[in-house]
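>>> Need coordinates for the following:
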Amino acid sequence: MDAPASESKLIDSFKMHVATIESANLEQLHALSVSVGWPLRSEDLQFLRDCGRGYVAHDDIGRLTGSAMWFPHGDDFATIGMVITSPRLQSNGTARWLMEHVLWDCCGRNLRLNATRASRRLYHSLDFQPMRTIYQCQGIVRQADSTATTEQPPVRRLEGEDLAAVAELDAGAFGVSRTTLIGKLFAQSVGYGLFRGGRLEAFALCRPFGRGHVIGPVVADSDADALAVIRRHVAAHENQFLRLDTPVETGPFATFLSQSGLAVFDTVLAMSRRGKGRADVVPGSNLYGLASHALG
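Modelled structure (predicted):
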């Protein structure tokens, strides 16, 4: 962008103002997310604020009408998320205005986001390009019929001393090192890792989120390895709500999710925007599960 976005904007007959997301009232931010059907807890929103930066739009009497966040990883890359506009203002340019603030802050970085159907036109107009579909799989867990007779690979509970190996494996799959974020996720998650010859080759984290728990990130080189590290998470949440966001549409991994009650609820489109003079940053085929839509 050539110039920063304005600090206020006239919407219909009233003026919107911008403020940092850190200054927003958490209860109001939660109400904004609920207004668009996002089942985030206040704890989830606070975690996102702890991990990223961003803006909210509010009117003259302090009512929140929109939000947008970005999550930096190093100096060259960021993900964008939490782009919300109050339903009554979704056609009035509030989302674009907030995105202009975010893009100004992110100037020069490679960017990645996950776009809902309603937001894709906006992101296309801001030069984001489609990458791949992400399948939001969720539901009440039922135990899948397991007829596997082959020996299962060695999986164990992850401990603090495994964090460095988890962050390294995640960086290879995500395309960028995000050590700080992985550390924060690790601290509030249960994790399982697959080890061969003492080396971590696959992992899956699971934490409280939204209506229940979410599995992610999940990194593995094959469906078999990915299944090995998520099975215990799925088994631990029988008859509970569980979610996993994945780019995997078919094959044993997708079949297991469906058989376990995690049907495809919705899809989003992963999109990216290349920073000036930057090489493309793309996720690997071994990224089986996202941390969340906002975090990637």
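
>>> Span of stretch 160-180 from start to end?
14 Å (C-alpha to C-alpha, to the nearest Å).

>>> What residues of it count as buried?
By 16 or more other C-beta atoms under 10 Å, the buried positions in stretch 160-180 come out as 162-163, 165-167, 169-171, 173-179. Every residue, glycine included, has its C-beta placed from N, CA and C.

>>> So which of those are in helices?
Per DSSP state H, helices hold the following members of the buried residues of stretch 160-180: Leu163, Ala165, Val166, Ala167, Leu169, Asp170, Ala171, Ala173, Phe174, Thr179.

>>> what's the closest non-adjacent residue to Glu201?
Take Glu201 and drop its neighbours on the chain: the residue closest to it by C-beta to C-beta, 6 or more residues apart in numbering is Leu194, 5.3 Å away.

>>> partner residues bridging that neighbour?
When assigned by DSSP bridges, Leu194 has beta-bridge partners Val155, Ala202.

>>> what's around it, how many residues?
Leu194 has 23 neighbours, counted by other C-beta atoms under 10 Å.

>>> ok, now the one 10 residues further on?
Ala204: 31 surrounding residues under other C-beta under 10 Å.

>>> Now do the strand or helix carrying it: which elements does it pack against?
Here Ala204 sits within strand 199-209, counting by DSSP states H and E. Secondary-structure packing of strand 199-209 (3 or more C-beta pairs under 8 Å, 6 or more residues apart in numbering; DSSP states H and E): helix 163-174, helix 179-187, strand 190-196, strand 212-219, helix 223-236.

>>> let's go with 6 Å and repeat that
helix 163-174, strand 190-196, strand 212-219, helix 223-236 (3 or more C-beta pairs under 6 Å, 6 or more residues apart in numbering; DSSP states H and E).

>>> biggest separation within the buried residues of stretch 160-180, which pair?
Asp162 and Gly175 (21.4 Å; C-beta to C-beta).

>>> Identify the residue nearest Ile134 in space, chain neighbours excluded?
Nearest one to Ile134, counting by C-beta to C-beta, 6+ apart, is Val268 at 4.9 Å.

>>> any idea whether Glu100 is helix, strand or coil?
helix (DSSP: H, G, I helix; E, B strand; the rest coil).
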